[in-house]
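[1] just to be clear, the model below is a prediction. Sequence and coordinates:
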Number of protein chains: 2
Amino acid sequence: MHRLDVDLGERSYPILIGSGLLIDSSQFEQYIRGKQVLVVTNETIAPLYLKTVLDGLKAFSKVDVVELPDGEAFKTLDTVNRVFDSLLENRHDRGTTIVALGGGVIGDMSGFAAACYQRGVDFVQVPTTLLSQVDSSVGGKTGVNHPLGKNMIGAFYQPQLVLIDIDTLNTLPDRELSAGIAEVIKYGMICDPAFFGWLEENMDLLLARDPQALAYAVERSCADKAAVVAEDERESGRRAILNFGHTFGHAIEAVQGYGKWLHGEAVAAGMVMAAELSCLRGWIGKSEVERLRALLTKASLPQQSPEDMTVDDYLNAMSVDKKVQDGKLRLVLLRALGDAQIVSDTPKDQLVEALRACGAQ
Amino acid sequence: MHRLDVDLGERSYPILIGSGLLIDSSQFEQYIRGKQVLVVTNETIAPLYLKTVLDGLKAFSKVDVVELPDGEAFKTLDTVNRVFDSLLENRHDRGTTIVALGGGVIGDMSGFAAACYQRGVDFVQVPTTLLSQVDSSVGGKTGVNHPLGKNMIGAFYQPQLVLIDIDTLNTLPDRELSAGIAEVIKYGMICDPAFFGWLEENMDLLLARDPQALAYAVERSCADKAAVVAEDERESGRRAILNFGHTFGHAIEAVQGYGKWLHGEAVAAGMVMAAELSCLRGWIGKSEVERLRALLTKASLPQQSPEDMTVDDYLNAMSVDKKVQDGKLRLVLLRALGDAQIVSDTPKDQLVEALRACGAQ
């Protein structure tokens, strides 16, 4: 088992990464302080891992379960309200702990419910998808979507523990594995060029679900993210580099309707758009854009816009994105592979050209 | 104008108290950092003060207004969602400031919306009722009710500024003025016996809305509360003394249906229940309970339970109250007038006797 500590002062917490962790109840017993636990999961994950987790929670006197519908389309305030209903119907008090068992949607909603229930209760994450293991495990971003924008309602809220059992990736569909790899590739692009090189060498092992390769990729991704977050917990500055590809990706998700493209797929195409824009600015070369495109293709990820999206679709969608400050579009570009920078002076014609280079109509 | 600083480290903020503050735009210009403002108010307050506030906000390039229905019954997640709708429809970004113009319900919902919108935007409170001026101005508690419990969903979130214009109390109905006085009396009871004496002397002036007396009572209440909150921002210990009378009060509100009894009225009766219990424990004498009852009566506040509530109604309602830790009922009692203490070892028969002494069936 590997242990990585996310250093956020009094809000610090460990990420434990390994095989067979779900079966080992000692972690829960060490990190959950009260006697009440609510497990939040979904209808896809429950049949696979709920029994194992409940076995691991036998030491707690009150363990309830709420099973939510699966999918980004259900990442809403109404669904979070079902968690509140369950907490109140089962009389959970301020000493309760919410355990999120599932992917990013479950983690984001459970974390937001933990942040808001009685103004804050304890929270443990058990992410079961690669995307949630390498993304939502670190950073404390929780929340839900609004019909007018993704992740518009939420809180920064840190868990007491993140427990990553690599074995859960064995049941992950190929398409979701690839979507998670998109975020892994992102860390290489924005701050870890050596890791990008490792990914070029080892993509076949990841796709074959080699446990050592997966554990290494998860740990290095979490470490890369933790280093960025520790500098800037509430995203007032540098942390925004983690949004590389996301402003474009959110536009794709919003216009296509949440859930049609997976988040990681939208981010993959969005990273190419940001890379093309960095190239047009003269910061990175065509060869780096090509390396990114080649690696995404190897990982079965898109590197072009959805065919039916127009340049205007992107421009409209991006102007309500969180990354807009006082009317200026802020984007994360690359000065070099592994060196991200935030800019807010992108000429509109360059933006349009980059979108067209990725197939936007 | 009086200025009181609430000392919470990097989350510190000033409370400005005086007459004619709403007309003076300089405070808004000094404390609002961005160019976007959303004023959240309700249908009762808007005709009275919205125009004045909008005049004061002329320096800002984008000022939108959302007008919510009035009353505790609307303090729900659905109503807060209308604030999110308005923020997104009007394309407010992370640099926006939410201005809460109204009483405690508006303040609690606006603060919660500010805490959650894009994971946190700036927030200014302009409380227009006595209750909100002496209670929600200090402490950062924001949130909404759930059908199964009051204030069960929320966040600790501090404003950038609280602007208290005493003149707004001139339009407050008598019943609401009295309800606010209940919380003022509470500060005397829990931590400020000299102030309790001042209230016994000056209740007539307060009821006659003497501006000097009101400004003094507001400032002293805020100072008393700020001293308690500064010690314990997130209510892990001592801060809970501010809930004196509230566990009983919440039971009254929950069983009667939110809005039938005003919050301050429920707290008034709840304080007598807590005082009776303190007396049964041998901590305060009958004479102190009588002084409280007499002062409440002078302030036109209830000092007995609603006639139709039974002891079982209270016991059931209190077991889902936030003040319960691991199944034990925590209550705030008085060792002496002005000296509150948290206990979790109340014998059930004493509890029942105290409730009966206040007319519970």
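    On my side now, so go ahead.
[2] what's the weakest-modelled helix or strand in chain A?
    strand A:324-325 (a mean of 57; mean pLDDT, DSSP states H and E).
[3] do the lengthiest helix in chain A and chain B meet?
    Longest among the helix segments of chain A by residue count, using DSSP state H, is helix A:211-231. No: judged by CB under 8 Å from any CB of the partner chain, helix A:211-231 and chain B are separated, with a smallest distance of 13.4 Å. Just so you know, the C-beta spots here come from the backbone N, C-alpha and C atoms, and that holds for glycine as well.
[4] what's the average pLDDT for that helix?
    Taken as a whole, helix A:211-231 has a mean pLDDT of 94.
[5] what do you get for stretch A:20-28?
    On average, stretch A:20-28 scores 89.
[6] measure that stretch end to end?
    End-to-end span of stretch A:20-28 (CA to CA, to the nearest Å): 14 Å.
[7] ok so, going back, immediately after the longest helix of chain A, which helix or strand?
    Sequence-wise, the next helix or strand downstream of helix A:211-231 (DSSP states H and E) is helix A:246-256.
[8] now do the strands in the stretch 1-150 of chain A.
    Using DSSP state E, counting those that start in this stretch, the strands of the stretch 1-150 of chain A run over A:2-6, A:13-18, A:36-42, A:62-68, A:97-102, A:122-127, A:141-146, A:149-156.
[9] got CSV for these, with distance to chain B and mean neighbour count too?
    Below are these laid out as CSV (distance: least, CB to the nearest CB, whole Å; neighbours: other CB atoms under 10 Å in any protein chain shown):
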stretch, distance to chain B, mean neighbour count
strand A:2-6, 18, 16
strand A:13-18, 17, 20
strand A:36-42, 8, 24
strand A:62-68, 9, 19
strand A:97-102, 12, 28
strand A:122-127, 13, 26
strand A:141-146, 6, 23
strand A:149-156, 5, 22
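[10] dump the ones you listed to a markdown table, plus distance to A:Lys225.
    A markdown table is the format used below for these (distance: least, CB to CB, whole Å):
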| stretch | distance to A:Lys225 |
| --- | --- |
| strand A:2-6 | 9 |
| strand A:13-18 | 10 |
| strand A:36-42 | 23 |
| strand A:62-68 | 26 |
| strand A:97-102 | 18 |
| strand A:122-127 | 13 |
| strand A:141-146 | 11 |
| strand A:149-156 | 14 |
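[11] count the neighbours of the nearest residue to A:Ile252 once chain neighbours are set aside for me.
    Leaving aside its sequence neighbours, A:Ile252 sits nearest to A:Ala266 (CB to CB, 6 or more residues apart in numbering or on different chains; 4.1 Å). The number of residues packed near A:Ala266 is 29, by other CB atoms under 10 Å in any protein chain shown.
[12] any idea how far A:Ala266 is from A:Lys260?
    9 Å (CB to CB, to the nearest Å).
[13] any common contacting residues for the two?
    A:Glu253 (CB atoms under 8 Å, 6 or more residues apart in numbering or on different chains).
[14] just to revisit the earlier point, mind listing what the very next helix or strand once past the least confident helix or strand of chain A pairs with, with the direction of each?
    Using DSSP H and E, the helix or strand that follows strand A:324-325 in sequence is strand A:328-329. Partners of strand A:328-329 in the sheet, by DSSP bridges, are strand A:324-325 (antiparallel).
[15] quick check: residues of chain A near chain B?
    Counting by CB under 8 Å from any CB, chain A sits next to chain B at A:34-36, A:77, A:81, A:84-85, A:88-89, A:91, A:93-95, A:115-120, A:141, A:143, A:146, A:148-149, A:152-156, A:234-235, A:319-320, A:322, A:324-327.
[16] are any of the residues you listed buried, and which?
    For these, a burial check counting by 16 or more other CB atoms under 10 Å in any protein chain shown picks out A:34-36, A:77, A:81, A:84, A:88, A:91, A:93-95, A:115-120, A:141, A:143, A:146, A:149, A:152-156, A:235, A:320, A:322, A:324.
[17] any stretches of the stretch 201-350 of chain A with poor pLDDT?
    A:258-259, A:320-327 (pLDDT under 70).
[18] for A:Asp174, give its distance to A:Leu207.
    8 Å.
[19] if you count surrounding residues, which of the two has more?
    The residue with more neighbours, out of A:Asp174 and A:Leu207, is A:Leu207; 16 against 10, by other CB under 10 Å.
[20] give the contact list for that one.
    A:Leu207 neighbours (CB under 8 Å, 6+ apart): A:Asp174, A:Leu177, A:Ser178, A:Ile181, A:Ala299, A:Ser300.
[21] let's see 7 Å
    Contacts for A:Leu207 (CB atoms under 7 Å, 6 or more residues apart in numbering or on different chains) come out as A:Ala299.
[22] over to A:Lys141?
    A:Gly154, A:Phe156, B:Arg119.
[23] wait, doesn't the last one sit right on A:Ala155?
    Read that as B:Arg119. Yes: counting by CB atoms under 7 Å, A:Ala155 is a contact partner of B:Arg119 at 5.8 Å.
[24] give me the common contacts of those two.
    Residues touching both B:Arg119 and A:Ala155 by CB under 7 Å, 6+ apart: A:Gly143.
[25] for the spatially most central residue of chain A, which non-adjacent residue is closest in space?
    Centrality entry for chain A: nearest residue to the mean C-alpha point is A:Asp135, 3.4 Å, by CA atoms, centre = their mean. Distance criterion CB to CB, 6+ apart; nearest residue to A:Asp135, sequence neighbours excluded, is A:Glu183 at 4.9 Å.
[26] tell me which element that neighbour falls in.
    helix A:174-191.
[27] pull the residues that contact that helix.
    So helix A:174-191 is contacted by A:129-131, A:134-135, A:169, A:195-196, A:199, A:206, A:217, A:221, A:224-225, A:228, A:241, A:244-245, A:262-265, A:267-268, A:271, A:292, A:295-296, A:299-301, A:334, A:337-338, A:340 (CB under 7 Å, 6+ apart).
[28] could you pull out the buried residues of it?
    Those would be A:176-191, for helix A:174-191 by 16+ other CB under 10 Å.
[29] what's the closest of those residues to chain B?
    A:Glu183 (19.2 Å; CB to the nearest CB).
[30] how does chain A divide into domains?
    Domain assignment for chain A, taken from automatic domain parsing, gives A:2-171, A:174-357.
[31] distance to B:Tyr49 added to these, as CSV?
    What follows is those, written out as CSV (distance: least, CB to CB, whole Å):
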stretch, distance to B:Tyr49
domain A:2-171, 28
domain A:174-357, 28
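[32] to B:Leu351, which of the ones you listed lies closest?
    domain A:2-171 (18.1 Å; CB to CB).
[33] show me the contacts for A:Lys219.
    Lys isn't right for residue A:219; it's Glu. A:His2, A:Leu4, A:Ile17.
[34] beta partners for A:Asp339?
    Bridge pairing for A:Asp339 - DSSP bridges - gives A:Ala336.
[35] if I look at it, how far off is B:Pro159?
    Distance from A:Asp339 to B:Pro159, by CB to CB: 39 Å.
[36] settle it for me: which of the two has more neighbours?
    Taking neighbours as other CB under 10 Å, A:Asp339 and B:Pro159 compare with B:Pro159 leading, 30 against 15.
[37] phi, psi for that one please.
    Dihedral pair for B:Pro159: phi -80, psi 170, per degrees, to the nearest 10.
[38] now the stretch 101-250 of chain A against chain B: closest residue?
    Closest point on the stretch 101-250 of chain A to chain B, by CB to the nearest CB, is A:Leu148, at 3.8 Å.
[39] which residue is the nearest non-sequential neighbour of that residue?
    B:Leu88 (3.8 Å).
[40] how about the strands in the stretch 251-361 of chain A?
    Using DSSP E, counting those that start in this stretch, the strands found in the stretch 251-361 of chain A span residues A:324-325, A:328-329, A:331-336, A:339-343.
[41] give me whichever of those is most buried.
    Neighbour counts (mean count of other CB atoms under 10 Å in any protein chain shown) averaged over each of those peak at strand A:331-336, with a mean of 21.
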